[in-house]
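> Sequence and predicted structure are below.
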Amino acid sequence: MANLKDIKRKITSVKNTQKTTRAMKLVSTAKLRRTEELAKRSRAFANAINDTLAEISYSIHKYKVGGIQGRYFEDIELPAVIDIIFITADKGLCGGFNYQTIKAVKNLIDEYENKKVKIRLRAIGKKGIEYFQFQGVELHDKVVGLSASPDYKQAADFISVSVEAFLKGETDGIILVHNGYKTMIAQELKVDHILPIDISKIEMKESNSMMELEPEDGEKVLESLIKKYLEYNMYYSLIDSLAAEHSARMQAMDAATNNAKEMVEQLTISYNKARQESITTELIEIISGMEAMK
Amino acid sequence: METLKLEIVTPQGLIFDGDVKNVTFPGEEGEFGVLPRHASLLSLLKPGVIEFEKADGKKESIVINWGHVKVDENKATVLVDSAVALAGDTESEIAKALEEAKELVEKASENKAALATVEARIEKAAKNL
């Protein structure tokens, strides 16, 4: 028979945990809403840059002999080095959120190593960094704090290093892995091959007006836009990942709160049982004592 | 009077959306003005000041560090990295915006001569407030 006092102590402790998890859930819900708002506002920029990119690609495609060329679009058949940028959270307690990303990165590493491609890992977020450091995997670059509060400037700086390396020919591609936001209760792992850019994926928008370009060299404009596009992509992925992190944590904490509730119920039952048992035992003792005295 | 639609977007969101009578941009190859019914144009922008006159005649200035503008169908869409509006109700608010604006262009431009020009423009725009 479990000690009454022990059970009572356990109930109190579980109840306290429940309070914490419930509070964390509420905090995550609020933060999720804020991040969603940020993503929504940010999408205006995405629409505008996509539009412009589509139009300018179209005009270059149409008026220039040989179509669009340049390092950004060169599809290398046998890449030698590939950068993998991946985003994880700085904090845990969000279910399988971080592990899903780490698993995807591990799969990518295996896949490319089989093809004899060298991988350079560039990590954002403490959890991913800790994991790979513990495994003894070398990280080419790492940054902490960016995934918790996305900052455009920092995100741009981070990806610029990688893009520069690509332009110089040090790497032959960049893959961006992050766990993105799908709905309030679901996350979606996203693996984007952001460089080289697949031209067929750029939607070309037909426009009747012949657009004047300034500077006149359309490719210079295009390159500048692509650079921005990549920077923005990085920034948006950070926001997306943050939203997903909050939704994952919300879910995890909701589950934890429910589990704690169940546990309290079970403990209360065993507490009641134990109490009843001790009462019964006492009664029997009293009755047998009386019987003996007769 | 005729107007054109002006939209200024940063990665953090829309910062201006409205009808204007005219607008001046710091283009990569020199400053240029845009009036309603302007021909289609796409231009890169360098650090500088976007000045525009709103439909009610009020003038406003926004300092940017990089961007590009697309003029099409009587609408100008400006994409910028980050921007500071030169505006404020009190002296101290204006001074603060001015300080932020200067910091923004200072970080963005490598060329000292160009920087001086932009700073002079910012000062000038601020005086008109």
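That came through fine.

> How many neighbouring residues does residue B:44 have?
19 (other Cβ atoms under 10 Å in any protein chain shown). No exception for glycine: its C-beta is placed from N, CA and C like everyone else's.

> who's in contact with the nearest residue to residue B:1 once chain neighbours are set aside?
Spatial nearest neighbour of residue B:1, excluding adjacent residues (Cβ to Cβ, 6 or more residues apart in numbering or on different chains): residue B:21 at 6.2 Å. By Cβ atoms under 8 Å, 6 or more residues apart in numbering or on different chains, the residues touching residue B:21 are B:1, B:2, B:3, B:35, B:36, B:52, B:53, B:54, B:55, B:57.

> among the residues you listed, which ones are buried?
The neighbour count (16 or more other Cβ atoms under 10 Å in any protein chain shown) marks B:3, B:36, B:52, B:54 as buried among the contacts of residue B:21.

> Where in the chain is the helix or strand with the lowest mean pLDDT?
By default, I'm working from chain A. Least confident helix or strand, chain A: strand A:212-214 with a mean of 74, by mean pLDDT, DSSP states H and E.

> actually it's chain B I care about, not the one you picked
helix B:112-127 (a mean of 74).

> OK, contacts around whichever residue of the stretch 1-150 of chain A sits closest to chain B?
Closest to chain B within the stretch 1-150 of chain A is residue A:41: 3.1 Å, counting by Cβ to the nearest Cβ. By Cβ under 8 Å, 6+ apart, the contact set of residue A:41 is B:12, B:13, B:14.

> what's the helix or strand for it?
helix A:4-63 (DSSP states H and E).

> one step back: from the buried ones among the contacts of residue B:21, pick the one nearest chain A.
When the buried ones among the contacts of residue B:21 are compared against chain A (criterion: Cβ to the nearest Cβ), the nearest one is residue B:36, at 15.6 Å.

> at contact distance from chain B, anything in the helix or strand containing residue A:156?
Residue A:156 belongs to helix A:152-168 when assigned by DSSP H and E. Yes. In terms of Cβ under 8 Å from any Cβ of the partner chain, part of helix A:152-168 sits within range of chain B, namely A:152, A:153, A:156.

> sorry, back to before: what's the first helix or strand after the helix holding residue A:41?
According to DSSP H and E, the helix or strand after helix A:4-63 is strand A:81-87.

> quick one: that next one to helix A:152-168, angle?
For strand A:81-87 against helix A:152-168, the angle by axes from the mean of the first three to the mean of the last three Cα atoms, to 10 degrees is 170 degrees.

> hang on, residue B:102 packs against residue B:120?
No. With contacts counted by Cβ atoms under 8 Å, residue B:102 stays clear of residue B:120, the gap being 11.0 Å.

> Would you mind measuring from the residue of the stretch 1-150 of chain A closest to chain B to residue B:12?
6 Å (Cβ to Cβ, to the nearest Å).

> do residue A:143 as well
Residue A:143 is 20 Å from residue B:12, by Cβ to Cβ.

> likewise residue A:100?
Computed as Cβ to Cβ, the residue A:100 to residue B:12 distance reads 28 Å.

> pLDDT weak spots in the stretch 101-250 of chain A?
Low-confidence segments of the stretch 101-250 of chain A, defined by pLDDT under 70: A:199-211.

> Strands of that one, start to end?
Counting by DSSP state E, counting those that start in this stretch, the segments of the stretch 101-250 of chain A that form strands are A:118-124, A:141-143, A:174-183, A:186-195, A:212-214.

> In TSV, list those along with mean neighbour count.
Output for those, formatted as TSV (neighbours: other Cβ atoms under 10 Å in any protein chain shown):
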stretch	mean neighbour count
strand A:118-124	21
strand A:141-143	15
strand A:174-183	21
strand A:186-195	17
strand A:212-214	18
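
> Include distance to chain B when you put the ones you listed into JSON lines, please.
Converted to JSON lines, these look like this (distance: least, Cβ to the nearest Cβ, whole Å):
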{"stretch": "strand A:118-124", "distance to chain B": "17"}
{"stretch": "strand A:141-143", "distance to chain B": "18"}
{"stretch": "strand A:174-183", "distance to chain B": "16"}
{"stretch": "strand A:186-195", "distance to chain B": "16"}
{"stretch": "strand A:212-214", "distance to chain B": "4"}
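
> Quick one: distance of the longest strand anywhere in chain B to the chain centre.
In chain B, taking DSSP state E as the definition, the longest strand is strand B:13-27. Centre-to-centre, strand B:13-27 and its host chain are 7 Å apart (Cα atoms, centre = their mean, to the nearest Å).

> need the next SSE after it, C-terminal direction.
Assigned by DSSP H and E, the successor of strand B:13-27 is strand B:30-34.

> how big is the angle separating that following strand from strand B:13-27?
Going by the same axes, to 10 degrees, strand B:30-34 makes 120 degrees with strand B:13-27.

> Return the alpha-carbon coordinates of strand B:30-34 using CSV.
As requested, the backbone C-alpha atoms of strand B:30-34 are provided in CSV (Å, rounded to 0.1, in the frame of the first residue of the first chain):
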residue,chain,number,x,y,z
GLY,B,30,20.7,59.3,-60.9
GLU,B,31,17.7,60.8,-59.3
PHE,B,32,14.5,60.8,-61.2
GLY,B,33,10.9,61.9,-60.8
VAL,B,34,7.8,60.0,-61.6
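
> which helices and strands does the helix or strand just after it pack with?
Next along the chain after strand B:30-34, taking DSSP H and E as the criterion, comes strand B:41-45. For strand B:41-45, the packing partners by 3 or more Cβ pairs under 8 Å, 6 or more residues apart in numbering or on different chains; DSSP states H and E come out as helix A:4-63, strand A:212-214, helix A:218-293, strand B:13-27, strand B:67-72.

> Listing partners with orientation, what would you give for the second one?
Sheet pairing of strand A:212-214 (DSSP bridges) gives strand B:41-45 (parallel).

> what does the last one give?
Pairing partners of strand B:67-72, with direction, according to DSSP bridges: strand B:41-45 (antiparallel), strand B:75-80 (antiparallel).

> Tell me what angle it forms with helix A:4-63.
60 degrees.

> In a markdown table: the strands of the stretch 101-250 of chain A, plus distance to residue A:236.
Listed next are these as a markdown table, based on distance: least, Cβ to Cβ, whole Å:
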| stretch | distance to residue A:236 |
| --- | --- |
| strand A:118-124 | 13 |
| strand A:141-143 | 17 |
| strand A:174-183 | 10 |
| strand A:186-195 | 11 |
| strand A:212-214 | 26 |
